[in-house]
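Enquirer: 3D model of this:
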Amino acid sequence: MKIFFTFLLLCCFTVQAQVFKIDTSEITYENKLRTCLSVNFDADADFVKKAFKDYCKENFDVKIKGYGFLSNADIVSAEDAIINIISDKRLNIYNRVIEMPNGGSESKLFISFGYDFFLSPETFPNEFTSMYNMFNNFSTKMLLDFYDTDIKSMNKKIKKVNRDTKSNSRDIKKYTKKVNSSKYSESEKLEFNGKIEIAKKNIESNNKEVVELNSKIKIYSQKLADIINPKLIN
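Expert: Now for the predicted structure:
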């Protein structure tokens, strides 16, 4: 699995701007500006934090703190850790993941070798490049899982909504027959007409939801395809 994602990382390097873009940025930590890597994801903060925790444990045997049972901090971290693909020295790794106002999340990764020795292109250029490669690899793996999971979830939701639409259609047919029948009083027919209107509104709402879900599925499917089958950019 690790070899596959290393290969996938190399394949995706020229197309990541289409799906996500990692930038060098800054973050205030311990009342000082620190250099970090910043990226925005379609995935929500909880999904990213759990994926990052699992990624560090699976690949480096590093236990990330700050997310899990009874804890959900903005900054998840591990101190005095060994991540050999970055350095053979012990380091502290931090990832601030927050929800964005319009959906999705922002993730900012920063690393130090101890008090005030934070990685940057100027201070530790080789290690900073390795940190970028690790973050890129994590982002690729996480988004593959996120898009695939979300597409499956939305398809299930569409099936559920369609079942509800069929149920409302049956209600319309049933109550329309009752309205046209001489068995019922005018007050009862008035009640039936009210139920028909409710069913029609439900169908209208369901149809709108299905259109929105299909649109999102189309976007996510394209992003997933761009990661799996990258196209070279000149």
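Enquirer: What is the least confident helix or strand in this protein?
Expert: Among the secondary structure pieces of the chain, namely its helices and strands, helix 2-12 has the lowest mean (mean pLDDT, DSSP states H and E), a mean of 39.
Enquirer: Let me see the contact set for the residue nearest the centre of the chain.
Expert: Against the mean C-alpha coordinate of the chain, by CA atoms, centre = their mean, the closest residue is Ala43 at 1.3 Å. Contact criterion CB atoms under 8 Å, 6 or more residues apart in numbering gives Ala51, Gly104, Ser105, Met142, Leu143, Phe146 as the residues in contact with Ala43. No exception for glycine: its C-beta is placed from N, CA and C like everyone else's.
Enquirer: 10 Å - rerun?
Expert: With contact taken as CB atoms under 10 Å, 6 or more residues apart in numbering, Ala43 is in contact with 20, 49-51, 97, 103-105, 107, 139, 142-143, 145-147, 149-150.
Enquirer: what kind of secondary structure is it in?
Expert: Under DSSP: H, G, I helix; E, B strand; the rest coil, Ala43 falls in the coil class.
Enquirer: where's it relative to Asp164, distance?
Expert: For Ala43, the distance to Asp164 under the criterion CB to CB, to the nearest Å works out to 27 Å.
Enquirer: What segments of this structure are strands?
Expert: Per DSSP state E, the chain has strands spanning 23-29, 32-41, 65-68, 71-81, 91-99, 105-112. These are given in chain order.
Enquirer: Out of these, which is the most enclosed?
Expert: strand 105-112 (a mean of 22; mean count of other CB atoms under 10 Å).
Enquirer: Please name every helix or strand in contact with that strand.
Expert: Packing contacts for strand 105-112, counted by 3 or more CB pairs under 10 Å, 6 or more residues apart in numbering; DSSP states H and E, involve strand 23-29, strand 32-41, helix 45-60, strand 71-81, strand 91-99, helix 125-179.
Enquirer: Could you verify my assumption that Ala73 touches Asp46?
Expert: No - with contact defined as CB atoms under 10 Å, Ala73 does not count as touching Asp46 (11.8 Å).
Enquirer: Overlap in contacts, the two.
Expert: With CB under 10 Å, 6+ apart as the test, Ala73 and Asp46 both reach Tyr67, Val97.
Enquirer: how near is the closest residue in space to Val48 that isn't next to it in sequence to Pro121?
Expert: Distance criterion CB to CB, 6 or more residues apart in numbering; nearest residue to Val48, sequence neighbours excluded, is Val97 at 4.9 Å. Val97 sits at a distance of 23 Å from Pro121 (criterion: CB to CB).
Enquirer: what's next to stretch 187-199, contact-wise?
Expert: For stretch 187-199, the external contacting residues (CB under 10 Å, 6+ apart) are 165, 167-181, 183-185.
Enquirer: try stretch 115-132
Expert: Contacts to stretch 115-132, defined as CB under 10 Å, 6+ apart, come from residues 22, 24, 26-27, 29-30, 32-37, 83-87, 89, 91-94, 109-113.
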